[in-house]
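In: pasting the structure only:
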């Protein structure tokens, strides 16, 4: 999913709603992890905290500030989480 263009110093919302194999929103065993990659390789990893547990089921959000770890160019995010015995 394309999140738009950002400049250093801005905040990028990284979010994921965790699902089970049936496609239903389900809380994972542990907080999801976001791995960030640039065209030249791995940049950083972050745990995503739950956003509003009672309003949206299994929705996690991290406000990522683009600091000196990040460079000009495209970045990709890989979200990892485990629901039951299934790793996503």
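Out: Nice, thanks for sending it over. Just so you know, these numbers come straight off a predicted model, no measurement behind them.
In: among the helices and strands of this structure, which has the poorest mean pLDDT?
Out: Here the helix or strand of the chain ranked lowest by mean pLDDT, DSSP states H and E is strand 86-87, holding a mean of 74.
In: Could you list the paired strands of that one along with their orientation?
Out: Paired neighbours of strand 86-87 in the sheet (DSSP bridges): strand 82-83 (antiparallel).
In: just the strands in this protein please.
Out: 11-17, 33-38, 41-47, 59-65, 75-80, 82-83, 86-87 (DSSP state E).
In: now these in a markdown table, with mean neighbour count and distance to residue 3?
Out: (C-beta placed from N, C-alpha, C; glycine too.) A markdown table is the format used below for the strands of the chain (neighbours: other CB atoms under 10 Å; distance: least, CB to CB, whole Å):
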| stretch | mean neighbour count | distance to residue 3 |
| --- | --- | --- |
| strand 11-17 | 15 | 6 |
| strand 33-38 | 17 | 12 |
| strand 41-47 | 12 | 15 |
| strand 59-65 | 17 | 10 |
| strand 75-80 | 14 | 8 |
| strand 82-83 | 16 | 24 |
| strand 86-87 | 12 | 24 |
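In: dump the residue contacts of residue 3.
Out: 12-13 (CB atoms under 8 Å, 6 or more residues apart in numbering).
In: Which pLDDT value does the model give it?
Out: pLDDT, residue 3: 80.
In: Look through this protein and report the residue furthest from the middle.
Out: Distance from the centre of the chain peaks at residue 22, with 20.8 Å (CA atoms, centre = their mean).
In: do you know how far that residue is from residue 13?
Out: 27 Å (CB to CB, to the nearest Å).
In: what about residue 68, neighbour count?
Out: 6 (other CB atoms under 10 Å).
In: Check residue 58 too.
Out: Every residue meeting other CB under 10 Å relative to residue 58 is counted, giving 20.
In: same thing with residue 29?
Out: Neighbour tally, residue 29, other CB under 10 Å: 12.
In: Residue 86 contacts residue 18, doesn't it?
Out: No: taking contacts as CB atoms under 8 Å, residue 86 lies outside contact range of residue 18: 10.6 Å.
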